[in-house]
Structures are given as structure tokens and as C-alpha cells.
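**Student:** this one's structure only:
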């Protein structure tokens with residue numbers, strides 16, 4: 001059962017009790033991420049995420065790590081373009097201790113200057129590590145270029161210049177303003193009693209306040225085909241081919257999930273079969289969706305040899321075109337439907353996934369959606385729905401291509417981007 005309590009200041013506490021689980025995962029989410037930063041402070045949300053583990057008024061950094069280890073638990077965090085999450089996964093009997101620890105780092109972190117300088121070096125190394133990882137780099141680059149010139153296009157990690165320029169005062173100012181109570185969601189799933197969590201969290205979070213009001217910056221990808229090349233000495237050539245897609249809460253999202261699954265969502269998908277199984281042109285090939293509150297992208301990724309790069313791109317475009325001009329056969333749709341329903345139901349066996357689902361429903365849907373409703377929405381999608389969504393999204397003018405590797409003499413041009 002899912003239960004929600006909203007405090008007077010707007011903080012939401014939402015839980016899902018799964019009594020047979022041994023664990024409970026609790027996350028404190030802030031619906032405020034990289035796209036709410038000023039360009040000169042790009043990376044500050046991620047910097048704050050790092051700093052909340054570096055000591056509070058009650059615990060120093062070593063006490064924080066020792067305490068979570070003493071519970072045999074996991075304490076971690078992540079930053080996205082539209083949210084930040086701090087979470088702990090522990091055995092159910094340790095929930096009161098884990099909740100107190102999470103609340104302490106969230107509310108009482110002290111941001112010691114020496115820790116800021118130490119963590120700045122760590123984040124600069126994280127940026128270098130991302131840039132040294134070709135697959136991670138090209139996905140990040142795709143996102144930045146697809147929404148270039150917009151706040152949504154800023155990298156989560158920031159840049160070497162912006163991270164170097166962040167002061168303790170600017171970091172604290174950002175946290176104190178952006179961590180608004182109406183943007184805070186405390187989500188817990190697993191063997192958890194709602195009233196017990198509220199009893200711990202409500203007194204601690206009821207005093208949270210902020211007068212900051214966000215400016216609304218609606219993001220839209222440029223409606224023009226684009227090709228960007230990155231010359232790098234590599235054994236493979238990496239390809240990210242994308243098109244505009246739907247916002248997170250769009251009513252056609254279930255058709256979109258199925259469309260993406262058929263295109264490149266598994267070993268039986270069209271791209272996997274054509275590019276890897278039939279032609280042996282790539283080891284890794286798949287499609288995925290980027291969903292934000294007001295926009296999105298559908299992306300095809302492949303890593304291939306330089307000499308096969310053009311052929312891989314042409315196959316990807318041909319498969320997109322097929323989805324526009326041909327109805328998906330019923331047996332293929334049914335197989336993709338069962339694949340997604342199975343993944344959805346299996347995710348319910350993890351308290352981590354359940355907790356994340358609770359929070360994202362609050363952030364993007366402003367309501368909780370039952371699993372029965374999700375399954376019914378998958379069952380309602382028809383082949384005609386898939387073709388209609390494909391016709392809307394797979395257009396030549398929307399195509400965006402990023403290619404990285406030994407690309408100088410490949411002869412690629414935006415003119416080849418045709419669906």
C-alpha cells in the first residue's frame with residue numbers, strides 16, 4: 001500500500017509497505033537539479049551532493065561512514081538535470097537509525113572549507129574520468145548539444161572552469177535557496193511503516209523553508225538536423241543518433257516505451273538483430289529514452305569499426321523509417337509488451353526501484369500510479385499508436401548525430417540524415 005503525508009510547509013513523505021521484504025530504502029529527493037543552476041555556477045548541485053557526506057553538526061565524515069557500515073547498509077546519492085537524491089538502503093530493523101542519518105546530512109551538513117577544497121579535486125577528477133570514458137562522454141555530449149544554449153543542456157558535473165570557481169558562499173547559497181520544502185520528497189519502500197517514518201522525519205523537516213522562486217525555462221531541442229564530429233584516436237567509432245521525443249508525463253509515453261523497445265530495447269530488437277546478429281557490425285547497439293519534465297529525446301547508440309560507421313547509421317535510419325511507413329506486426333508488439341511488463345513487475349522486487357518510482361511519480365506526475373494502471377496502459381497500446389508516434393518523432397529535420405573516433409575522412413555530412 002502507498003501512503004502519503006504532506007507537511008504544512010509542503011514536504012511530502014510517501015511510503016510503500018512491502019511487508020515480506022528484509023530491506024527498506026529511504027531517499028530524500030529534491031526536485032531541483034542542474035537545469036536550475038546559473039551558468040556560472042554549473043555543477044553546484046552535484047558539488048552539494050558530494051559535500052553532504054563530509055560532516056554535520058553531529059557527525060564528522062568518519063562517523064557517517066562508520067555508522068552506515070555498522071548497519072551493513074548502503075548510503076549514496078546522485079544528481080540529475082531535474083533532481084538530486086540522497087538515499088540509504090538498510091535492513092528494516094535499522095530504519096530509524098538510517099532515517100536519522102539521512103536527515104542529519106540533509107539538514108545539518110557544515111561544509112568545512114578544507115573538505116570543499118578536497119572534494120573540488122575529486123570532482124575535477126570525476127570530470128576527467130568521464131571524458132576518458134568514450135561511451136559516457138558521447139552520451140553526455142549528445143545531451144549537451146541536443147539542448148545547446150539552454151539550461152537543460154548544461155552538464156551535471158559542470159566544467160573545470162565552473163567547478164574551480166565555486167566558493168563556499170555560493171555553494172551554501174544555492175543549497176539554502178534551492179532546497180525548498182515544496183520540492184522535497186521523502187520516499188521509502190520495503191518493510192516500512194508509514195507512521196514510523198513520519199514520526200522520525202516530520203519534526204525534523206517541518207522547519208525547512210525557502211523564499212526562492214524558480215524562473216520557468218521551457219526547453220526545446222532545435223528543430224534542425226545536426227551532425228557533430230569528435231576526432232579521437234580509438235579502436236572503435238561511437239555513434240549517437242537521436243531525435244526529439246516526449247516529456248516524462250506525456251499520454252503517449254507507453255507507446256513510446258514500446259516503440260523504443262522494438263527499435264533497440266533488447267536482443268530481439270530490430271537494431272540488435274540487423275546490426276549485430278545479421279551483419280556483425282557492432283557488439284553494443286541499443287536505443288534509449290531521455291525524459292524530462294517538458295521535453296525528451298530518443299537515442300540510438302552503437303560502437304563499430306570506422307569502416308562500418310556509415311552503414312550502421314544508415315541501418316538505424318532505415319529501421320526508424322520502417323516504423324513510420326509500416327505497422328508493427330501484432331506478434332512483435334505483443335512480445336515487446338510482455339518484455340516491458342515483465343521488467344516492470346520484476347522491478348517491484350527491489351526496494352531501491354520501488355523507492356525511486358515513488359519519488360519520480362511525485363516529481364513528474366504529481367500522483368502515485370498503481371502498477372495495475374501501468375500494465376493496463378501497456379495493454380491498451382495498438383500498432384496504430386506506435387506508427388502514429390513514430391510519424392511524429394522520426395523526421396529528418398529532427399535528427400541529431402554525434403560521432404566520435406577516427407572520423408576525419410569518413411565523409412559524413414548532415415545531408416545523409418534522412419528518415
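**Tutor:** Cool, got the structure. Owing to the predicted nature of the structure, the values given are computational and were not obtained by experimental measurement.
**Student:** Show me how this protein divides into domains.
**Tutor:** 2-205, 226-416 (automatic domain parsing).
**Student:** which residues touch stretch 107-115?
**Tutor:** Here stretch 107-115 makes contact (C-beta atoms under 8 Å, 6 or more residues apart in numbering) with 51-52, 54-58, 61, 168, 171-172, 204-205, 208. Every C-beta, even on glycine, is put in place using the N, C-alpha and C of the backbone.
**Student:** and it, average pLDDT?
**Tutor:** Here stretch 107-115 scores 97 as its mean pLDDT.
**Student:** now stretch 246-265
**Tutor:** pLDDT averaged over stretch 246-265 gives 98.
**Student:** Can you point out the buried residues in it?
**Tutor:** 246, 248, 252-265 (16 or more other C-beta atoms under 10 Å).
**Student:** Quick one: end-to-end distance for it.
**Tutor:** 17 Å (C-alpha to C-alpha, to the nearest Å).
**Student:** returning to what we had before: include distance to residue 216 when you put the domains of the chain into TSV, please.
**Tutor:** Shown next, in TSV, are those (distance: least, C-beta to C-beta, whole Å):
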stretch	distance to residue 216
domain 2-205	11
domain 226-416	9
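**Student:** Tell me the one of the buried residues of stretch 246-265 nearest residue 223?
**Tutor:** Residue 223 lies nearest to residue 246 out of those, by C-beta to C-beta, at 15.1 Å.
**Student:** Not counting its neighbours along the chain, what's nearest residue 416?
**Tutor:** Sequence neighbours aside, residue 313 is the residue nearest to residue 416 in space, at 7.1 Å (criterion: C-beta to C-beta, 6 or more residues apart in numbering).
**Student:** Residue 9 too?
**Tutor:** residue 181 (4.0 Å).
**Student:** burial of the residue nearest to residue 416, as a residue count?
**Tutor:** By the measure other C-beta atoms under 10 Å, the count of residues near residue 313 is 23.
**Student:** just checking, it touches residue 413?
**Tutor:** No. Using C-beta atoms under 8 Å as the test, residue 313 is too far from residue 413 to be in contact (11.3 Å).
**Student:** ok, back up a step: mind checking the SS state of the residue nearest to residue 416?
**Tutor:** Under DSSP: H, G, I helix; E, B strand; the rest coil, residue 313 falls in the helix class.
**Student:** so which helix or strand takes in the closest residue to residue 332 other than its chain neighbours?
**Tutor:** Counting by C-beta to C-beta, 6+ apart, residue 262 is the residue found nearest to residue 332 once chain neighbours are left out, at 6.3 Å. With secondary structure defined by DSSP states H and E, residue 262 is part of helix 253-264.
**Student:** who's in contact with that helix?
**Tutor:** 245-246, 250, 269-272, 285-289, 291, 298, 300, 319-320, 323, 328, 332-333, 336-337, 339-340, 377-378, 380-381, 385-386, 388-390, 393.
**Student:** before we move on, what about stretch 289-296?
**Tutor:** 35, 81-82, 143, 147, 152, 218-221, 244-250, 253, 256-257, 260, 297-299, 363-364.
**Student:** Residue 286: what's it in contact with?
**Tutor:** For residue 286, the contacting residues are 264-265, 269, 271-272, 300-301, by C-beta under 8 Å, 6+ apart.
**Student:** what's the spatially most central residue of the chain in contact with, if anything?
**Tutor:** Centroid check for the chain by C-alpha atoms, centre = their mean gives residue 80 as the closest residue, at 5.9 Å. Contacts for residue 80 (C-beta under 8 Å, 6+ apart) come out as 33-34, 156.
**Student:** mind redoing it with 7 Å?
**Tutor:** By C-beta atoms under 7 Å, 6 or more residues apart in numbering, the residues touching residue 80 are 33, 156.
**Student:** same deal with residue 131?
**Tutor:** residue 137.
**Student:** ok but it is inside a helix, no?
**Tutor:** Yes. Judged by three-state DSSP, residue 131 forms part of a helix.
**Student:** Residue 189 versus that one, what's the distance?
**Tutor:** 35 Å (C-beta to C-beta, to the nearest Å).
**Student:** After the one helix or strand residue 198 maps to, which helix or strand is next?
**Tutor:** Assessed by DSSP H and E, residue 198 sits inside helix 194-205. Next along the chain after helix 194-205, taking DSSP H and E as the criterion, comes strand 226-231.
**Student:** tell me which strands and helices that following strand is in contact with?
**Tutor:** Where contact means 3 or more C-beta pairs under 7 Å, 6 or more residues apart in numbering; DSSP states H and E, strand 226-231 is packed against strand 400-405.
**Student:** tell me the angle the strand it packs on makes with strand 226-231.
**Tutor:** Using axes from the mean of the first three to the mean of the last three C-alpha atoms, to 10 degrees, the direction of strand 400-405 lies 10 degrees away from that of strand 226-231.
**Student:** which ones are touching the residue nearest to residue 9?
**Tutor:** Residues in contact with residue 181 (C-beta under 7 Å, 6+ apart) are 9-11, 208-210.
**Student:** Among those residues, the buried ones, what's the PyMOL command?
**Tutor:** Of those, the buried ones can be selected in PyMOL as follows, counting by 16+ other C-beta under 10 Å:
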select buried, resi 11+208+210
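**Student:** Tell me the one among the contacts of residue 181 nearest to residue 228.
**Tutor:** Of the contacts of residue 181, the one sitting nearest to residue 228 (C-beta to C-beta) turns out to be residue 210, at 38.2 Å.
**Student:** Pull the contacting residues for the closest one.
**Tutor:** Counting by C-beta under 7 Å, 6+ apart, residue 210 has contacts 176-177, 179-181.
**Student:** any idea of the pLDDT on it?
**Tutor:** For residue 210, the model assigns a pLDDT of 87.
**Student:** Next one: it from residue 378, what distance?
**Tutor:** Relative to residue 378, and taking C-beta to C-beta, residue 210 is found at 39 Å.
**Student:** what about residue 241, which SS state?
**Tutor:** Here residue 241 is recorded as strand under three-state DSSP.
**Student:** mind checking how far the residue nearest to it when sequence neighbours are not counted is from residue 382?
**Tutor:** In this structure, residue 241 finds its nearest non-sequential neighbour in residue 300, 4.6 Å apart by C-beta to C-beta, 6+ apart. As judged by C-beta to C-beta, residue 300 and residue 382 stand 24 Å apart.
**Student:** neighbour count winner among these two?
**Tutor:** Comparing residue 300 with residue 382 by other C-beta under 10 Å, the one with more neighbours is residue 300, at 26 against 14.
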